[in-house]
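Enquirer: Got a predicted model here, sequence first, then my questions.
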Amino acid sequence: MNNLANILRPKRLEDFVGQKHLLSKNAPFYKLILSKNIPHSFFWGPPGTGKTSLAKIISNLLDSPFYSLDATNLKIEEIRKIVLRYRNSLFKPLIFIDEVHRLSKTQQEVLLSVMENNEALVMGASTENPYFALTNAIRSRSFVFEFMPLTKKEMEMILKKAEQEIEFHISDDAKEYLIRSSVNDARSMLNLLETALNITQDIDLDTLKSLRPVSAIKGTSSKEEHYSLISALIKSVRGSDIDAAIYYLARLVSEGEPPEFIARRLVILASEDIGNANPNALTIAVSTLTAVRNIGYPEAKIILSQCIIYLASSPKSNAAYEAIKKATKAVANGEILEIPSHLKSPSPKSYLYPHDFGGYVKQIYLTKPLKFYKSNGIGFEKTLNEWIKKIKK
């Protein structure tokens with residue numbers, strides 16, 4: 001069988017599944033595509049969400065030669081050769097660069113010249129936000145569009161297209177597992193389906209689990225159960241129950257929950273529920289997120305377990321969470337204060353530079369006294385309270 005993902009790759013906008021925020025009829029980007037006035041663009045989002053497919057569709061609509069390059073092994077000479085080939089042509093090529101966040105500054109300088117002179121339409125894709133990796137010059141001449149994970153319904157639509165294209169039978173529980181274990185990645189789903197079809201045309205759950213051995217516990221594959229499990233994990237960590245938290249982690253791992261998703265929730269918890277009671281909790285959680293992204297299962301579950309035990313054992317304080325919540329509410333309710341003149345940029349002579357006064361000097365920072373932060377005096381917060389008192393003395 002030819003590559004199923006390529007067979008089902010949409011050729012027209014009408015066949016594209018997902019990214020309604022970009023491609024609904026009233027979406028600005030959709031209107032740009034139809035008008036053929038497409039800017040240099042970079043697509044950012046999870047794998048298997050259609051970034052390359054949309055670029056190819058745009059290339060077809062523009063009748064532009066499509067060149068797919070990869071930033072990890074891109075040679076500057078390749079770009080120059082493409083541009084030179086079409087310099088006196090009626091056609092303008094579309095240069096698509098994958099892993100665009102990995103472009104070096106030298107590569108970006110060459111690309112900038114191409115963009116400035118409109119010698120090609122430059123597009124790119126990345127699973128990481130490329131905004132911070134691109135130079136100011138590149139950013140000012142392009143747009144970054146975020147791709148969202150595919151929904152279960154959208155994954156079902158793609159699977160239905162596969163069923164229309166190829167004759168096979170798949171049981172209901174196998175279909176549920178195929179979609180859920182692919183975690184919103186259409187390419188991953190189609191690759192697993194294609195491999196299964198090389199074995200049998202009558203696909204059951206056992207066949208899929210033998211190929212992707214992530215055991216799904218019966219009765220926990222529903223969307224509601226998914227959110228209940230992660231909620232139970234977070235609440236157990238917040239409640240400092242280590243064993244309960246580890247149990248819910250095991251449930252999530254056995255369900256094939258992506259380690260990045262679990263780690264992201266732990267990063268939020270470290271700030272929201274622990275905060276400055278133990279500032280190192282956030283560092284540990286962020287390190288965990290980085291580690292599981294690079295390692296994956298099965299070893300990622302050990303890293304998650306270590307992090308959860310640390311977070312559950314940490315003193316808890318929601319003071320930082322409450323402070324920003326109160327401040328945000330105040331702004332939403334119209335508490336918009338004039339910035340004191342001595343705080344504006346560039347710094348006027350009336351601004352008192354604290355370092356000129358031994359590290360602290362009393363001056364007005366708000367034109368109206370407002371109070372949002374209240375320390376709970378828990379853990380390291382006690383030390384911070386002592387520090388701020390000493391500073392202001």
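Expert: Cool, got the structure.

Enquirer: what's the offset of stretch 170-184 from the middle of its chain?
Expert: Offset of stretch 170-184 from its chain centre (Cα atoms, centre = their mean, to the nearest Å): 23 Å.

Enquirer: In it, which of the residues would be classed as buried?
Expert: For stretch 170-184, the neighbour count (16 or more other Cβ atoms under 10 Å) marks 170, 174-184 as buried. Placement of C-beta: from N, CA and C, glycine included.

Enquirer: what sits up against that stretch?
Expert: With contact meaning Cβ atoms under 8 Å, 6 or more residues apart in numbering, stretch 170-184 is reached by 46, 48-49, 149-152, 155-156, 159, 163, 188-189, 192-193, 203-205, 207-209, 212, 214, 216, 221, 255-258.

Enquirer: In strands only, show me these.
Expert: Residues of these located in strands (DSSP state E): residue 203.

Enquirer: Could you identify the buried members of the contacts of stretch 170-184?
Expert: Using 16+ other Cβ under 10 Å as the burial test, the contacts of stretch 170-184 include 46, 48-49, 149-150, 155, 159, 188-189, 192-193, 203, 205, 207-208, 212, 214, 216, 221, 255-258 as buried.

Enquirer: So which of the residues you listed are in helices?
Expert: Among these, the members falling in helices (DSSP state H) are 155, 159, 188-189, 192-193, 205, 207-208.

Enquirer: With respect to residue 347, which of these is nearest?
Expert: Minimum distance to residue 347 across these is 52.6 Å, recorded for residue 188 (Cβ to Cβ).

Enquirer: any idea how far stretch 343-362 is from the chain center?
Expert: With Cα atoms, centre = their mean, you get 39 Å for stretch 343-362.

Enquirer: Nearest the middle, which residue of this structure would you pick?
Expert: residue 45 (5.9 Å; Cα atoms, centre = their mean).

Enquirer: excluding its backbone neighbours, what's nearest that residue?
Expert: Leaving aside its sequence neighbours, residue 45 sits nearest to residue 147 (Cβ to Cβ, 6 or more residues apart in numbering; 2.7 Å).

Enquirer: Quick check, pLDDT for the one you found.
Expert: Listed pLDDT for residue 147 reads 90.

Enquirer: same question, the one 5 residues further on
Expert: In this model, residue 152 is scored at 86, pLDDT.

Enquirer: And for it, nearest residue in space, chain neighbours not counted?
Expert: Residue 152's closest residue in space is residue 179 (Cβ to Cβ, 6+ apart), at 6.1 Å.

Enquirer: any idea how far residue 186 is from the one you found?
Expert: 10 Å (Cβ to Cβ, to the nearest Å).

Enquirer: What of residue 283?
Expert: 35 Å.

Enquirer: show me what contacts the residue nearest to residue 64 when sequence neighbours are not counted?
Expert: Spatial nearest neighbour of residue 64, chain neighbours left out: residue 94 (4.3 Å); criterion: Cβ to Cβ, 6+ apart. By Cβ under 8 Å, 6+ apart, the contact set of residue 94 is 55, 58-59, 62, 64-67, 120-121, 123.

Enquirer: Okay, now the unreliable bits of the protein?
Expert: Within the chain, the ranges that satisfy pLDDT under 70 run 1-2, 214-226.

Enquirer: In terms of residue numbering, what are the domains of it?
Expert: Domains of the chain are assigned by automatic domain parsing as 18-146, 152-211.

Enquirer: Export those domains to a markdown table and append columns for distance to residue 244.
Expert: Shown next, in a markdown table, are the domains of the chain (distance: least, Cβ to Cβ, whole Å):
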| stretch | distance to residue 244 |
| --- | --- |
| domain 18-146 | 30 |
| domain 152-211 | 24 |
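
Enquirer: quick one: which of those is nearest residue 275?
Expert: For residue 275, the closest of these is domain 18-146, at 25.3 Å, according to Cβ to Cβ.

Enquirer: end-to-end on that closest one?
Expert: Domain 18-146 has an end-to-end distance of 12 Å (criterion: Cα to Cα, to the nearest Å).

Enquirer: From the chain's centroid, how far away is it?
Expert: 19 Å.

Enquirer: How about stretch 251-262?
Expert: The answer for stretch 251-262 is 16 Å, by Cα atoms, centre = their mean.

Enquirer: same thing with stretch 151-159?
Expert: 20 Å.

Enquirer: Then stretch 245-265?
Expert: Counting by Cα atoms, centre = their mean, stretch 245-265 comes out at 17 Å from the chain centroid.

Enquirer: cool, stretch 367-382 as well?
Expert: For stretch 367-382, the distance to the chain centre is 32 Å (Cα atoms, centre = their mean).

Enquirer: who touches residue 262 in this structure?
Expert: Going by Cβ under 8 Å, 6+ apart, residue 262 touches 230, 233, 249, 252, 292, 304.

Enquirer: any idea how far residue 200 is from residue 136?
Expert: Remark: distance between residue 200 and residue 136 (Cβ to Cβ) = 55 Å.

Enquirer: between the two, who's got more neighbours?
Expert: More neighbours surround residue 200 than the other of residue 200 and residue 136, with 11 against 7 (other Cβ atoms under 10 Å).
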